[in-house]
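In: When you get a sec, could you give me coordinates for this:
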Amino acid sequence: MTFFEPFTTIFVLLFGLVIGSFLNVCILRLPLGQSIVHPRSRCPQCKRPIAWYQNIPVLSWVALRGKCASCSTKISVRYPAIELASGVILVVLWRWLGPNVEFPIAALFALSMLVLFFTDWDHQLLPDAITLTGVAMGLALAWFNPYLHGEGWGRVWSSLAGAILGAGLLWGFGAAYGKLRGVEAMGMGDVKMMGMVGAFAGPFGVLMTIFAASLVGAVVGVALIPLRGRTLQDTLPFGCFLAPAAMAALLTSQRVAAAYLAILLPNS
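Out: Alright, predicted model coming up:
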């Protein structure tokens, strides 16, 4: 790896920026039920197609000073920010994991979580095209997934158990809360998302994700109480907490589980 550096890192960064441009399309169109391949990128205001040289990640936004070349409508800084985030995520994972099977699996999962974070932020919606496809991908890749416990079929069973546990736990929490309070506490999008998390990270990854997301969500919720009576659901939906917690769980849950078992069963 060192022989090809820094060229591989630069390539990974550039690739991440290009993928980030595609993720922007997914974030914009999937919640609206639109195709992510047709029509090509266009200004949301004047609907004029964006030329390829006006669609270069980050650079085009800077060159156009954050405005549409046709109608001068402002283009949100979030577009280049997501492109940069995608590039940085891939570089960090590449530098940490290196050229092995861990990298593409973690990259696929992380970029999916990035899309889910922003679709939930914008629309309180977690598209099936990401969550259900993610469940299928997690199960299909389970045999090769080093983030799951065991080897071979052990990983497959871990993935299946994680998907069932993730979806089942969140559905159960939501159903119980709804019975007690008479209001919907958890959307099915969150349930499907946790099925995806379980398929990639296994049962312990599910538990770690829900614990971390609930803890951070509770802290943020308390901090937001003074904001004119707005609830946490009005400001930041639960998927926005699940996404980063799931990424952390994927990368660390096996080590955390091993450390916990070492404390619990020191002589085993």
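In: Could you point out the longest helix of this protein?
Out: helix 188-223 (DSSP state H).
In: In space, what's closest to the residue positioned nearest the centre of the chain - neighbours in sequence excluded?
Out: Nearest residue to the geometric centre of the chain (CA atoms, centre = their mean): residue 113, 0.4 Å. For residue 113, ignoring the flanking residues on the chain, the nearest one in space by CB to CB, 6 or more residues apart in numbering is residue 243 at 4.1 Å. All C-beta spots, glycine's among them, are computed from the backbone N, C-alpha and C.
In: Tell me how many other residues surround the one you found.
Out: Under the neighbour criterion other CB atoms under 10 Å, residue 243 is assigned a count of 25.
In: Likewise for residue 141?
Out: 21.
In: so where does the residue nearest to it when sequence neighbours are not counted fall, helix or strand?
Out: Of all residues not flanking residue 141 in the chain, residue 105 sits nearest, at 6.1 Å (CB to CB, 6+ apart). Counting by DSSP states H and E, the element that carries residue 105 is helix 102-123.
In: quick one on the thing from earlier: mind giving me the packing neighbours of the longest helix of the chain?
Out: helix 102-123, helix 128-140, helix 153-181, helix 232-235, helix 239-264 (3 or more CB pairs under 8 Å, 6 or more residues apart in numbering; DSSP states H and E).
In: lowest-confidence helix or strand of the protein?
Out: helix 232-235 (a mean of 53; mean pLDDT, DSSP states H and E).
In: Distance to residue 203 for the helices and strands packed on helix 188-223 - can I get that in TSV?
Out: Listed next are those as TSV, based on distance: least, CB to CB, whole Å:
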stretch	distance to residue 203
helix 102-123	16
helix 128-140	13
helix 153-181	5
helix 232-235	27
helix 239-264	9
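In: Give me the buried positions along the helix holding residue 105.
Out: By 16 or more other CB atoms under 10 Å, the buried positions in helix 102-123 come out as 102-103, 105-107, 109-121.
In: Specify the local secondary structure of residue 149.
Out: coil (DSSP: H, G, I helix; E, B strand; the rest coil).
In: For the closest residue to it other than its chain neighbours, the count of nearby residues, please.
Out: For residue 149, ignoring the flanking residues on the chain, the nearest one in space by CB to CB, 6+ apart is residue 158 at 4.7 Å. When neighbours are defined as other CB under 10 Å, residue 158 has 23 of them.
In: ok, now which ones touch residue 158?
Out: By CB atoms under 8 Å, 6 or more residues apart in numbering, the residues touching residue 158 are 142, 148-150, 202-203.
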